[in-house]
Structures are given as structure tokens and as C-alpha cells.
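Q: here is a sequence with its predicted model. Questions after.
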Amino acid sequence: MAKFLFKLGRWSFQHKWIVIVLWLVTLAGVAGAAVTFQKPFTNDFPMGNTPSIDATYSLVEKFPGEGNPVSAAGVNVVFSAPEGQTLAEPQNSAAINRVVDHIEANLPDLTGTERFGNPVEVSPALQDSVIAMMTEQGLPEETARADAENLALLSDDGRIGYTTFTIDVPSSMDVTDEHRRVVNEAMDLGREAGVQVEAGGAGFGDPIMIKTSSEIVGLIIAFIVLIFTFGSLVAAGLPVLTAVVGVGIGVLTIVIATAFTDLNNITPVLAVMIGLAVGIDYALFILSRYRSERERMPADEAAGMAVGTAGSAVVFAGATVIVALAALAIVNIEFLTAMGLSAAFTVFVAVLVALTFIPALLGVLRDRTFAGRVPGVAGNRRKRDIRSNRPRRQKPTMGNRWINFVRRAPGLVMAVVVLSLGAMSYPVLNMELSLPSDSTSNLDTTQRKSADLMAEGFGAGVNAPFLVIVDADEVNADAPALQPLILAQESMATEGEPVERREAAVTASFLHTVGQLKNVGGVKHAQLIAMNADTNAAQILVTPLTGPDDQYTAQVSHALREQGMQITDATGVEIGLTGLTAVQMDITERLSGAMPTYLAVVVGLAIFLLLGVFRSVMVPLVAGLGFLLSVGAAFGLTVLVWQEGLWDLVNTPAPLISFMPIFLIGVTFGLAMDYQVFLVTRIREHYISLRVQERENPDPDTPRAISRLNAVDQSTVVGFTRGARVVTAAALIMIAVFIAFIDQPLPFIQIFGFALGVGVLFDAFFIRMALVPATMFLMGNATWWIPRWLNRLIPHMDIEGTALEKEWEARHAAEEEHRKKMDTVNS
């Protein structure tokens, strides 16, 4: 591959205008296609293949006129009277009427108004009608009153009340700014009248806002880091330029994809975040190698050699990132698969741009590539030194000083890294996961205030209702569990109107299910709320004691499902658990369950590939274990800051977004392998060179074992010194790009940017630049050991370009010999 990439890099250098025009035409073409074919991104997170979603399909089928309760745009408007007052007092009730009247008169698409109105008036009327209806059906008055109380819209003390309605749009994500404006105006009317008014529910979420400033901040910081890396304004601009072109093509292609499939609007944000980071880094690695190769080669061959050596590492690192992102499809959740594949495609484009566009630009700039030198930066001489013709003093680089410190105390460095990252990983044991809800919104939002008021007035479970669907098509009329209820119906039947046994069994199954669900631990109440027109299905509202972000609520959902299976065994009816709370919990558990498989696939594949690259057992193992340490520490710090609220750095600590961990693992692992490859290939490259020299010029006074050990130490010092500056710059650029996204208003993007930033920090500086070289010094000649049988099995992958280097040196030596002969002949 290295030889092919050498030819590709040199061809791109020599045919620079063809390459540049092709990339610019591609960018313009996808931009035009995006404008022509694009459809709006959605706010939806498509999810399927879970028990709760299956139950939802069953509910929609059995109750065709009621829509999908999971995607319904329901809104709760909550009222709270001033301290010491009740909502029934005239001035407060009048304030509520102003809010309700404004919504009724001005809100388009108002529907679902069965419980809409002033709760002071609607709640008692609703409760009375429920009691009357249920007692007429022969149910005990005690049961009727309990059901009525559970549907109350006014708290027991009369201070908190709420009203609810639905906006008639296809899903909660289709609520418009006009809808929100009317509700906000209505709330302001109530507040002006002295009542606290808040709103929440699926139909009143804030629209997802994406700020473009994060990308700009990240690019500016990257440009500054590149100036300190190359000491040149021109060279600093090249990686930024190529990254923008690559990300532009990748993201515009994602926009085109909206014409063929629905994509949520977070998808391109993640593609931009990851694409910018890797695009700049990959160009940085190739450009840095070009600078070193240019000292001994013509410009076109230096470009080819840079692409053949550093470019090989770019291909391998990019492939690792792409595999890690594409492997998110293992989870089998639609929106996560779309995010992973979109980001993977953007990385793929970034790799192609780095391999071709960079050498093409080098062909245009040639010796002006490192123009615009900044005095005193990256080894450039200061102006006063130039004027006085003072020679530049060669000082040990920071990387050289660090690696020599590690060489002197490798055990200490290893212990500090392992113990510190291990300690930071401890909070992971307390990690809580959930999907966003009103109960986890920022404290200063009206959604969070409405949820808190609802919990205060009606119990935390009011924010986490479960909906049970009972499908009685296969009811067993002879089931012993149903006989008492069937007999009760027959005994209550009037003379001459016999009860049809199957109908009685269906009704009995509904009542039996309600009774069994009430007995589940953690359930506050369960009640029958609807039967379909065919009287073969029913809906049961189950209210838990705890809220949606409480881990105990997840245990309640498991208990309800277990109870449902027992009911099925006893009666033959099918029980399904759905509702927004159940759907979110299923997704969280699906993600948690897929994590071990995903981690095994990604880490296992990478270790196998690293075996082929480095021909060593210990290097891939240290790389994999080091990653686990760094990602564990990143998780731990993220839990401390965003979940536990460390030092009040965030205003609303809450459980982490449930799909953040698996995405973080995939992206961080891919990026971690970047640094592993770029740093360790430099070390191995020098080690192989030393081993070749040893074989060609053996020293009979030096025992072989000692010679090998010295080769490991020396190659580690020299290789690290050569690669440390570039890897440090690459890591700082990635950290800057990711941390800049903390400024986004969307909590998921904020947390993801923070977690990725600290993940790269720990992995690049603690693992790759401390633990990895420390273990090399400790292991000595065992660093590059591999069993012969394994060496034969694993395919060879020469990403250092060793064969390419040998071929070029042989050709160069032959050319030099030929030149000398010609000079001799001519003389």
C-alpha cells in the first residue's frame, strides 16, 4: 500500500491543477445537489425493534382513531398559586381562565381537549363523572374514587393544578414556533395576573438549535496551534483549508441523503465535529512528514514519500475510526446507525482529501509551503538573531526532555498513569443513563419547572406514566383466574339478557389485569382508561411512585413486564407496555446491553490490525488496555461533572444521555488508535533501522541481548522525539475542536464535546505519550516479541513504508553511483 500511496502522492503533486479542480468541482457539485434535492432534517430519533415500540404498533392497530401516544404532541400547562393561597380563590381562578381562553381562541390545531380547561372547575366535574360511570358499571365505589383521584387535575391542597391538551400535528417534532408562541403568550397573561404558569410535555419542547460558532472557534484555535507547530502562516492554513473542503463535501452529501431517508438534525453536527478534528490531524501528519522528507528529497518525491509513509498511517487510522463508527449499526437503533454511518463517510472523505489535496497544494506552493515564518516560533530565528548573524542554538525539545524523564523512571510514570486514571474511572460505577425529558431539562426552563410542580402536586410518577395495552383476541374463557369475574358479571345480568361467555371473559381479563398490575411494587395506581370499539383491546394507565429519571422506575417497568407474562400465561391475553417512558427505558437498556458486544468487536478488531502493523503482542495489548483506562477516566470525569454536578460547573446535573457512552467509546477508540499509530510507527521505524544496522555491522564486543535492549531504548527515545511535537499538536487541535462544542445549547452535544475532549486529553497525553513509552522501557526486548506461528498467521501491513524507504534509498544510491561514474567519464 505504501508504494501505491507514494505514486498517488507524487502524481497528485505533479498533476496539481487536475486534483485541485476535481476536488473543487466535487465540492461545488455536491453543494448544488444539496440545494436541489435536500429535504429538512427532522427532530425525530427513529427507534424500532423494542418491546415498547412493538406494543405501540399493537395499540395503533387496535385503536386506529387515537393516533400514536408516543409521538403525540401533548402539552401540560401547570398553575401554582402564590404561597398561602389556592387556585380556587377568585383572582387566581380568573388568571387561569385568561390562560385557557387565550389558548382556546388562538392556538391552531387544538385537539385532545377532554381534560382541557380551568382545573378548579374541570377536575371535580371529571372526577364526579368517572365515579358515576364506574359505579353504574357495577364496580365498587372505593375503586371508582381511587381511579377518579388518580385523574385529578388539582392537588389536594388546591395550590397546584394543570390542564392538558394535544396539538394536532403528525408528531411532537412537528410543533411549530407559532404553536409555541401562542402558549407562551397565554402563560405570560397568567403570570401578569399573579399566578405561576409553566408548560411542558412532548408537544412543548424547545426547538433543537445548532450554533455555528463552535466550528469557527475550533478552526481558529486549530490555526493557532498549527502556527506554533510549523512556525509558518501558510503551512498552518493548509490543514484547515483541506479539512473545511473535506467536511464540506461530507456534510453536503449527508444533506443530499435527506432526499432518500429521514435524518435528524444532530447527524450533521456530529459529522462536522469529528470530520474537522480528523481532517486537520491527518493533513498535519502528512505535511509534517513532507517537511522532514524535503530535507533529503526533491519536492515531488518528498510529497510522495510523505503520503506513502504518513499517508499509510492515515489510511490505517482512518479505517479504524470508520470501523468504530460504522460498527454502531450493531446496536440496531436507526438514528444511531445513521449518525455513525454519516460521521464515518465524512472521515472517509477527510482521508481522501488528505492523501490527494494536500500533495496537490504542495505542488502549487512548492518552496513557499512554509512561507510566512513567525520569528521565534517552532525553531525560527528571531529578528535580532538574524540581524546579528547569531547562530541558532540547538536545544533539546520538550518531547525529548519528557521521554528521557520517562526513560529514567518508567515504573513511576506507569504507576502514576494507572492509579490516577483508575481513580478517575471509579465514578463510572454510579453512572445513570436516560433519554431527555422535562424532568432532566435545565432548572431554569419552563419544562423543568412544570415537571417539578407536577411532581410536587401529584407525585413524581405523574411525569412517568406507563400505558399497558391488553390484546384479548386470544383470551381463554375457561381460564381459572377469570372465572370469579365472569361469574360476577353473570350474576349481575338482568333476566332474559344472558351474558355471552367470551365477552364476559374479555371484560374479566381487563379487570384481572388491572388488579394484578396494582399489586406490582413501585406502582402507585393502575386503572382502565379505554376499550376499543371491537371490545377486544383495552388501555390501562399505570402510574409509578417515582419519576422518569429515577433508576427505580426502570425496575418497575421490568416488574410490569414480568407480571404481564404471568397474566398471559394465566388468561391467554397479550400484554404490551408502551408510552414515552417505556420507550425511553427500552432504548437505554438496548444501548447498555449492546455495549459489551460493541466494545469487543471494535477493540478486538483493532488489536488484530495492530498485531499486523507492529508485529508485536505487547504493543497492541498495551494499546487496548490503555484505551480502556483513558475512556474509563473520561466517563468518570463526565459523570462527576454532568451527573453529580462537581463544583457546580453545570447548572443542572442529570443522568447522562443514554446513547452517549457507546458513541463516545466508538469515536474515542478510533481517535486513540490515530495517536498509537502515528507515534509508535515512528518508534518502530527507528527500531527496524537499528536492527538492520546491527545485522549489517555487528559489534562482536556487544552481546546480542544487550544490543537489542539498547535498540528498544534508543528507538523509543528517537522515535518519540520525532513524533511528539506533531502528536501533541494533533491532540490539542482535537481537544479544542471538541471542547468548542460545549457552547452548543443542546445538552447532548455539550456532554459529547466535553467527554470527547477529556477522552482525547487522557488518551493522548496519559496513555500514548506516557504509559506506552514507559511500558516499552520496562519490557525491553519483549516489546517487539511475537511468536513465530502468530507472525506467520497475521498478514503483514507495512504502514511505516519500510519497503518504500529501502526502494527509494536503493534507487537514490544507484543514481548517485551512476552520477559519479558519469562525472569520472566526463572528467
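A: Perfect, I can see it now. Numbers count the residues shown, from 1 in each chain.
Q: tell me how far the helix or strand containing Glu215 lies from the chain's centre.
A: For Glu215, the element it lies in under DSSP states H and E is helix 213-230. On the basis of C-alpha atoms, centre = their mean, to the nearest Å, helix 213-230 is displaced by 23 Å from the centre of the chain it belongs to.
Q: following it, which helix or strand shows up next?
A: If you walk from helix 213-230 toward the C-terminus, the next helix or strand you reach (DSSP H and E) is helix 233-257.
Q: which other helices and strands does that following helix contact?
A: Identification of packing neighbours for helix 233-257 by 3 or more C-beta pairs under 8 Å, 6 or more residues apart in numbering; DSSP states H and E yields helix 16-37, helix 213-230, helix 267-294, helix 334-365. Glycine gets a C-beta too; all of them are placed from N, C-alpha and C.
Q: quick one, strands of the stretch 651-800 of the chain?
A: 656-657 (DSSP state E, counting those that start in this stretch).
Q: okay, and for it, where does confidence drop off?
A: Low-confidence segments of the stretch 651-800 of the chain, defined by pLDDT under 70: 692, 694-709, 797-800.
Q: apply 50 and report the result again.
A: Segments of the stretch 651-800 of the chain classed as low confidence (criterion: pLDDT under 50) are 702-708.
Q: what about the helices in it?
A: Assignment of helices within the stretch 651-800 of the chain using DSSP state H, counting those that start in this stretch yields the ranges 660-696, 704-739, 747-761, 772-779, 788-793.
Q: list the buried residues for the helix holding Glu215?
A: Taking 16 or more other C-beta atoms under 10 Å as the basis for neighbour counts, the residues of helix 213-230 that come out buried are 214-215, 217-219, 221-223, 225-227, 229-230.
Q: do stretch 1-10 as well
A: Of the residues in stretch 1-10, those with enough neighbours to count as buried (16+ other C-beta under 10 Å) are Ala2, Lys3, Leu5, Phe6, Leu8, Gly9, Arg10.
Q: wait, is Ser576 part of a helix?
A: No, residue 576 isn't Ser; it's Gly. No - when classified by DSSP: H, G, I helix; E, B strand; the rest coil, Gly576 is found to be strand rather than part of a helix.
Q: skip the chain neighbours and tell me the closest residue to it.
A: In space, Gly576 comes closest to Ala55 once its chain neighbours are excluded; the distance is 2.8 Å by C-beta to C-beta, 6 or more residues apart in numbering.
Q: want to try CSV for the helices of the stretch 651-800 of the chain, with distance to Leu629 as columns?
A: Putting the helices of the stretch 651-800 of the chain into CSV (distance: least, C-beta to C-beta, whole Å) gives the following:
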stretch, distance to Leu629
helix 660-696, 11
helix 704-739, 16
helix 747-761, 11
helix 772-779, 11
helix 788-793, 25
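Q: need the ones you listed in a markdown table (columns: mean neighbour count and distance to Thr588).
A: Formatted as a markdown table, the entries for the helices of the stretch 651-800 of the chain read as follows, by neighbours: other C-beta atoms under 10 Å; distance: least, C-beta to C-beta, whole Å:
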| stretch | mean neighbour count | distance to Thr588 |
| --- | --- | --- |
| helix 660-696 | 23 | 10 |
| helix 704-739 | 21 | 24 |
| helix 747-761 | 23 | 14 |
| helix 772-779 | 22 | 35 |
| helix 788-793 | 10 | 40 |
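Q: Leu189: which of the ones you listed is closest?
A: Leu189 lies closest, by C-beta to C-beta, to one member of those: helix 747-761, at 30.0 Å.
Q: off-centre distance for the closest one?
A: Its chain's average C-alpha position is 9 Å from that of helix 747-761, according to C-alpha atoms, centre = their mean.
Q: ok and that helix relative to helix 267-294, angle-wise?
A: The directions of helix 747-761 and helix 267-294 differ by 20 degrees, with axes from the mean of the first three to the mean of the last three C-alpha atoms, to 10 degrees as the criterion.
Q: for helix 747-761, name the packing helices and strands.
A: Of the remaining helices and strands, those touching helix 747-761 by 3+ C-beta pairs under 8 Å, 6+ apart are helix 267-294, helix 618-638, strand 656-657, helix 660-696, helix 704-739.
Q: same thing but 6 Å
A: For helix 747-761, the contact count by 3 or more C-beta pairs under 6 Å, 6 or more residues apart in numbering; DSSP states H and E identifies helix 618-638, helix 660-696, helix 704-739 as packing neighbours.
Q: now those in TSV, with distance to Glu185?
A: Supplementary listing: the helices and strands packed on helix 747-761 in TSV, determined by distance: least, C-beta to C-beta, whole Å:
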stretch	distance to Glu185
helix 618-638	39
helix 660-696	36
helix 704-739	38
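Q: tell me which of those helices lies nearest to Gln91.
A: When these are ranked by distance to Gln91, counting by C-beta to C-beta, first place goes to helix 660-696 at 46.4 Å.
Q: strands of the stretch 501-650 of the chain, start to end?
A: So, for the stretch 501-650 of the chain - with DSSP E, counting those that start in this stretch - the strands run 523-531, 537-544, 574-578.
Q: just checking, what packs against the second one?
A: The contact analysis (3+ C-beta pairs under 6 Å, 6+ apart) places strand 537-544 against strand 466-471, helix 501-518, strand 523-531.
Q: over to the first one?
A: Strand 523-531 makes packing contacts with helix 501-518, strand 537-544 when contacts are defined by 3+ C-beta pairs under 6 Å, 6+ apart.
Q: now it: buried residues?
A: Buried residues in strand 523-531, counted by 16+ other C-beta under 10 Å: Val523, Lys524, His525, Ala526, Gln527, Leu528, Met531.
Q: for Phe766, find the nearest of the helices and strands packed on helix 747-761.
A: When the helices and strands packed on helix 747-761 are ranked by proximity to Phe766, the top entry is helix 618-638, at 6.4 Å, counting by C-beta to C-beta.
Q: for that closest one, list the C-alpha coordinates in PDB.
A: These are the backbone C-alpha positions of helix 618-638, laid out as PDB (Å, rounded to 0.1, in the frame of the first residue of the first chain):
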ATOM      1  CA  MET A 618       2.600  -6.500  23.800                       C
ATOM      2  CA  VAL A 619       2.200  -3.200  21.800                       C
ATOM      3  CA  PRO A 620      -1.400  -3.900  20.800                       C
ATOM      4  CA  LEU A 621      -2.300  -5.200  24.300                       C
ATOM      5  CA  VAL A 622      -0.900  -2.100  25.900                       C
ATOM      6  CA  ALA A 623      -2.800   0.000  23.300                       C
ATOM      7  CA  GLY A 624      -6.100  -1.700  24.000                       C
ATOM      8  CA  LEU A 625      -5.800  -1.700  27.800                       C
ATOM      9  CA  GLY A 626      -4.600   1.900  27.800                       C
ATOM     10  CA  PHE A 627      -7.700   2.900  25.800                       C
ATOM     11  CA  LEU A 628      -9.900   1.200  28.400                       C
ATOM     12  CA  LEU A 629      -8.100   3.300  31.100                       C
ATOM     13  CA  SER A 630      -8.500   6.500  29.200                       C
ATOM     14  CA  VAL A 631     -12.100   6.000  28.200                       C
ATOM     15  CA  GLY A 632     -12.900   4.900  31.800                       C
ATOM     16  CA  ALA A 633     -11.400   8.100  33.200                       C
ATOM     17  CA  ALA A 634     -13.300  10.200  30.600                       C
ATOM     18  CA  PHE A 635     -16.500   8.500  31.600                       C
ATOM     19  CA  GLY A 636     -15.700   9.100  35.300                       C
ATOM     20  CA  LEU A 637     -15.000  12.800  34.900                       C
ATOM     21  CA  THR A 638     -18.100  13.200  32.700                       C
END
